[in-house]
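In: predicted model and sequence below, questions to follow.
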Amino acid sequence: MDFIEYSDADMMMLSLARILSRDLREALLRRDRALFAVPGGTTPGPVFDMLSAVDIDWDRVDVVPGDERWLPEDHPRSNAGQLRARLLRGKASAAHLLRLWRDLPPEEGAARAAADLAPLLPIDVALVGMGSDMHTASMFPGAPELALALANDAPVIVPITAPDAPEPRVTMSARVLKDAFALHVLIVGAEKREALERAQKLSPTEAPINALLSRASVHWAP
């Protein structure tokens with residue numbers, strides 16, 4: 001794990017946007033299209049705002065949520081909808097959004113999404129977050145499907161039950177995320193840093209983020 005500490009969140013967001021844009025440009029030198037996996041939520045919003053204004057060959061970039069609530073894109077809790085609002089605008093509007101949600105039951109929809117995504121793997125650039133419960137993407141401690149999502153032979157996309165969540169979810173499996181050429185974790189605040197330090201002493205079953213840390217650059221600001 002490469003741990004990068006910043007003096008404040010604004011500096012971190014700016015630096016991370018620069019790092020991600022560099023990683024995407026390097027990916028586009030390796031192959032015709034780059035696969036960029038990103039989280040939902042509000043924390044990465046400033047990074048997306050800055051990235052959307054960067055000169056990259058966005059028409060050669062496929063953007064995919066690392067996980068998704070099983071909701072249509074026009075729902076306010078949809079990760080795909082949040083990405084379209086914050087990242088896929090300005091210059092980045094030329095990028096192609098790969099939605100995980102299908103108008104199907106989660107198990108069938110996850111299989112369809114995985115079939116579409118598999119030919120594009122491995123991920124070139126992945127950004128994930130971490131909750132104070134040490135979950136990442138939608139791999140939650142205590143989820144009945146967590147062992148499958150953590151398995152070395154896990155499917156590309158796993159339907160998963162988030163504790164106390166009002167809707168089903170799907171998530172990229174740990175093996176898919178940690179196989180990314182560049183993997184970045186974004187966390188903010190003392191509580192998240194304490195959770196990260198705790199996670200390193202626990203198994204991935206107890207702390208799913210620990211399934212990724214050996215391959216990750218972790219970006220933290222107070």
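Out: Cool, the structure landed.
In: other SSEs contacting the longest strand seen in the chain?
Out: Taking DSSP state E as the criterion, the chain has its longest strand at strand 182-188. Applying 3 or more CB pairs under 8 Å, 6 or more residues apart in numbering; DSSP states H and E, one finds that strand 182-188 contacts helix 9-30, strand 125-128, helix 190-199, strand 217-221. From N, CA and C alone the C-beta is placed, and that goes for glycine too.
In: same thing but at 7 Å, please
Out: Using 3 or more CB pairs under 7 Å, 6 or more residues apart in numbering; DSSP states H and E, the elements in contact with strand 182-188 are helix 9-30, strand 125-128, strand 217-221.
In: show me the one of those that comes nearest Pro163.
Out: Across these, Pro163 has its closest neighbour in strand 125-128 (18.8 Å, CB to CB).
In: just to revisit the earlier point, most tightly packed of the helices and strands packed on strand 182-188?
Out: strand 125-128 (a mean of 26; mean count of other CB atoms under 10 Å).
In: which neighbours in the sheet does it have, and how are they oriented?
Out: strand 34-38 (parallel), strand 182-188 (parallel) (DSSP bridges).
In: pretty sure Arg215 contacts Lys178?
Out: Yes - using CB atoms under 7 Å, Arg215 and Lys178 qualify as a contacting pair, with a distance of 4.7 Å.
In: which of the two has more neighbours?
Out: For Arg215 and Lys178, the more surrounded residue by other CB atoms under 10 Å is Lys178, and the numbers stand at 19 against 16.
In: that one: what's it in contact with?
Out: Contact analysis of Lys178 by CB atoms under 7 Å, 6 or more residues apart in numbering lists 211-212, 215.
In: please apply the same query to Ser78.
Out: Ser78 sits in contact with 69, 71-72, 101, where contact means CB under 7 Å, 6+ apart.
In: from those, pick the one nearest Arg25.
Out: Using CB to CB, the contacts of Ser78 come closest to Arg25 at Trp101, 29.4 Å.
In: and the gap between the closest residue to the closest one other than its chain neighbours and Gly40?
Out: The shortest distance from Trp101 to any non-neighbouring residue, by CB to CB, 6 or more residues apart in numbering, is to Glu68 (5.5 Å). Distance, Glu68 to Gly40, by CB to CB, to the nearest Å: 8 Å.
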